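1. Provide a 3D model corresponding to the input given below.
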Amino acid sequence: MNEILAWGTRAIVVALAATLLAVTTQSLAQEGTAPLPPQVIAVQPYPGEEVLADQPVTLVFDQAMDAASVEAAWQMEPAAPLEFTWEDARTLHAIPAGGWQRATRYAVTLGTGAQSADGVALAEPHKFFVQTIGRLEVATVIPAEGAEGVAADATITVSFNRPVVPLVSTGELEGLPDPLQFEPVVEGQGEWINTSIYQFTPAKPLAGGTTYTVSIAAGLSDVLGATLDETFTWQFKTLAPEVLNVSPYYNQSEVRLEAPVVIELSQPMDRASTEAAFALLFSGERVAGKFTWSDDSRTLTFQPDAMLRLEANYLITLAPTARGISGEATLKEGLSYVFSTVPAPMRAPACSPGCGAAPSHRCPCRRPCPSSGPGHGRGSPSPCGRPRAARPSAARRSPSPLGRGGVTHGRARPRRPRHGRGHGSSADAPCPDHRPSTLGRSLRDGSSSRTCHARDGSGCAAR
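-> Just a heads-up that it's a prediction; the model follows:
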């Protein structure tokens with residue numbers, strides 16, 4: 001409709017211009033001047049416009065013309081027999097007998113043999129081109145012809161070389177054509193991105209590992225009437241489901257005992273077949289647990305019912321029998337690998353500090369150096385670094401019939417041996433986390449004897 005209005009407007013403009021020139025020419029002729037050579041003052045369609053197959057080309061002259069001489073002076077390449085129609089003495093319509101060939105550029109020359117009604121010839125040849133309307137063609141398709149490994153959530157897009165639909169309001173979109181046909185059938189929604197690009201979005205992911213055939217039927221026409229001469233067909237193949245990511249990863253070590261197994265896949269999966277294809281094995285036995293899925297059925301999580309074993313190897317397997325949710329396509333390849341859990345805690349090494357060593361985080365006790373003679377053991381450090389109270393001096397002790405010993409409340413008690421645990425010199429006390437095997441054992445070394453309170457003998461004091 002818009003094109004018809006445009007052509008009508010142009011015809012009116014051309015008619016007004018021709019009328020003005022004709023009036024001017026007649027005025028000059030009435031004044032007794034010599035007639036002027038005729039001129040072509042308009043050609044329709046205008047340069048750059050395309051002519052429909054059944055649309056004539058119109059020439060408008062500035063004065064009445066001799067029809068026979070004009071038709072004889074018409075030359076065209078490529079040549080074709082023409083049908084001429086004179087609307088009036090100044091307006092000529094021309095069209096090939098069988099219509100214009102599509103997608104063809106015609107070169108037209110109106111020679112100087114064309115004369116006016118007064119017998120005056122054109123001053124020079126008039127040349128112009130006629131470009132006929134082209135064919136509607138598919139310019140590009142996405143996915144491309146023969147493409148493989150297409151994602152299951154891909155959209156299908158086709159672009160044409162010409163505007164197929166006009167610019168319309170949102171309320172008029174429903175009346176636009178849906179040119180794509182799928183085999184196997186795909187449900188979804190299509191829309192025109194602009195006047196020449198159409199995009200189709202499937203309602204659900206495409207079936208994995210499936211070959212789709214898409215076609216556009218012949219006869220689809222554009223806004224100017226150009227049609228698609230032949231059905232356009234192309235094919236693409238979708239990607240089979242595959243594993244994208246797994247946790248724990250391949251050969252991972254020190255995996256937490258409460259850690260789940262998480263598998264991320266490339267497309268929504270059939271949950272039943274995927275769970276049946278999965279196994280977490282320990283020593284060849286399946287580990288019991290529960291499955292959970294993400295909302296889009298792309299991520300599988302397996303949580304064992306019990307904590308995993310310490311310092312143990314586990315095998316994850318996912319058989320290729322797991323299927324995609326939209327078809328019978330199975331995993332591109334299966335999955336099988338081992339991971340290991342955290343090791344058992346290590347025991348702290350035995351504490352054996354040297355003589356006089358300061359306490360540390362590994363051995364919080366301090367073993368003092370052995371000493372002898374008067375004052376032995378007074379104020380010496382305790383096994384854990386605290387000062388020990390000095391023993392009473394010999395002057396404060398009363399004689400005892402039992403020999404050297406102490407008196408408590410008038411009652412005589414025997415003196416405890418120097419090597420007794422918990423009394424006497426701090427040299428007698430080993431580190432609390434050490435277990436002396438020679439405690440209280442007397443050794444003979446020549447004429448003297450000594451008591452050892454350490455495995456290596458470093459705590460031996462002479463007696």
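
2. Spatially, and excluding backbone neighbours, which residue is closest to Leu92.
-> Leu59 (4.7 Å; CB to CB, 6 or more residues apart in numbering). For glycine as for every other residue, the C-beta is placed from the backbone atoms N, C-alpha and C.

3. Return the list of strands paired to the helix or strand encompassing that neighbour, each annotated with direction.
-> Per DSSP states H and E: Leu59 is located in strand 57-61. Its sheet considered, strand 57-61 pairs with strand 40-44 (antiparallel), strand 91-96 (antiparallel) by DSSP bridges.

4. Any chance of those strands in JSON lines with distance to Phe302, mean neighbour count and mean pLDDT as columns?
-> Converted to JSON lines, the strands paired with strand 57-61 look like this (distance: least, CB to CB, whole Å; neighbours: other CB atoms under 10 Å; pLDDT from 0 to 100):
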{"stretch": "strand 40-44", "distance to Phe302": "76", "mean neighbour count": "18", "mean pLDDT": "94"}
{"stretch": "strand 91-96", "distance to Phe302": "75", "mean neighbour count": "19", "mean pLDDT": "96"}
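
5. hang on, isn't Ser326 packed against Lys204?
-> Yes - counting by CB atoms under 8 Å, Ser326 touches Lys204, with 6.3 Å between them.

6. Comparing the two, which residue is more hemmed in?
-> Between Ser326 and Lys204, counted using other CB atoms under 10 Å, the more crowded position is Ser326 (21 against 13).

7. For that one, which three-state class applies?
-> Secondary structure for Ser326, judged by DSSP: H, G, I helix; E, B strand; the rest coil, is coil.

8. how far away is Glu49 from Thr157?
-> 30 Å (CB to CB, to the nearest Å).

9. which residues does Ala288 contact?
-> Residues in contact with Ala288 (CB atoms under 8 Å, 6 or more residues apart in numbering) are 304-306.

10. if you set the cut-off to 7 Å instead, what comes out?
-> Neighbour list for Ala288: 304-305 [criterion: CB atoms under 7 Å, 6 or more residues apart in numbering].

11. Tell me the predicted confidence for it.
-> Looking at Ala288, its pLDDT stands at 96.

12. Against Arg309, how distant is it?
-> As defined by CB to CB, Ala288 lies at a distance of 14 Å from Arg309.

13. any low-confidence regions in the stretch 301-450 of the chain?
-> 347-450 (pLDDT under 70).

14. how about the strands of the stretch 1-150 of the chain, start to end?
-> For the stretch 1-150 of the chain, the strands defined by DSSP state E, counting those that start in this stretch cover 40-44, 50-51, 57-61, 74-77, 82-88, 91-96, 105-110, 126-132, 138-142, 147-150.

15. so which of those strands comes closest to Ser273?
-> strand 147-150 (21.9 Å; CB to CB).

16. Which strands or helices does the next helix or strand along the chain from that closest one pack on?
-> Counting by DSSP H and E, the next helix or strand C-terminal to strand 147-150 is strand 156-160. When contacts are defined as 3 or more CB pairs under 7 Å, 6 or more residues apart in numbering; DSSP states H and E, strand 156-160 sits against strand 138-142, strand 197-202.

17. just those: most buried one?
-> The highest mean neighbour count among the helices and strands packed on strand 156-160, using mean count of other CB atoms under 10 Å, belongs to strand 197-202: a mean of 17.

18. What angle do strand 156-160 and it make with each other?
-> Counting by axes from the mean of the first three to the mean of the last three CA atoms, to 10 degrees, strand 197-202 points 170 degrees away from the direction of strand 156-160.

19. List the strands paired with strand 197-202, with their directions.
-> Checking strand 197-202 against DSSP bridges gives partners strand 156-160 (antiparallel), strand 188-192 (antiparallel).

20. Residues in contact with the first one: which ones?
-> Put plainly, it is strand 156-160. Identification of contacts with strand 156-160 by CB under 7 Å, 6+ apart yields 136-142, 180, 196-200, 214, 216.

21. got the angle between that strand and strand 138-142?
-> With the same axes, to 10 degrees defining the directions, strand 156-160 sits at 160 degrees from strand 138-142.

22. what's the spacing between Arg135 and Ile263?
-> 51 Å.

23. which of the two has more neighbours?
-> Ile263 (21 against 14).

24. Who are the contact partners of the more buried one?
-> So Ile263 contacts 243, 246, 300, 318 (CB under 7 Å, 6+ apart).

25. Check Glu71 too.
-> For Glu71, the residues meeting the contact criterion (CB under 7 Å, 6+ apart) are Phe84.

26. Ala207 - nearest residue in space that isn't next to it in sequence?
-> Gly327 (2.9 Å).

27. Could you report the neighbour count for the one you found?
-> 19.

28. From what I see, it and Leu206 are in contact.
-> No - using CB atoms under 7 Å, Gly327 is not in contact with Leu206; the gap is 8.2 Å.

29. about what we covered before: among the contacts of Ile263, which are in strands?
-> For the contacts of Ile263, membership in strands holds for 243, 246, 300, 318, with DSSP state E as the criterion.

30. quick one: the third one and Thr274 touch, right?
-> Yes - contact status for Leu300 versus Thr274: in contact at 6.1 Å, counting by CB under 7 Å.

31. and the residue lying closest to Ala80 once chain neighbours are set aside, how far is that from Pro47?
-> Using CB to CB, 6+ apart and skipping residues adjacent in sequence, the residue nearest Ala80 is Pro96, 4.1 Å away. Pro96 sits 20 Å away from Pro47, going by CB to CB.

32. so what's Gln75 bridging to?
-> Thr109.
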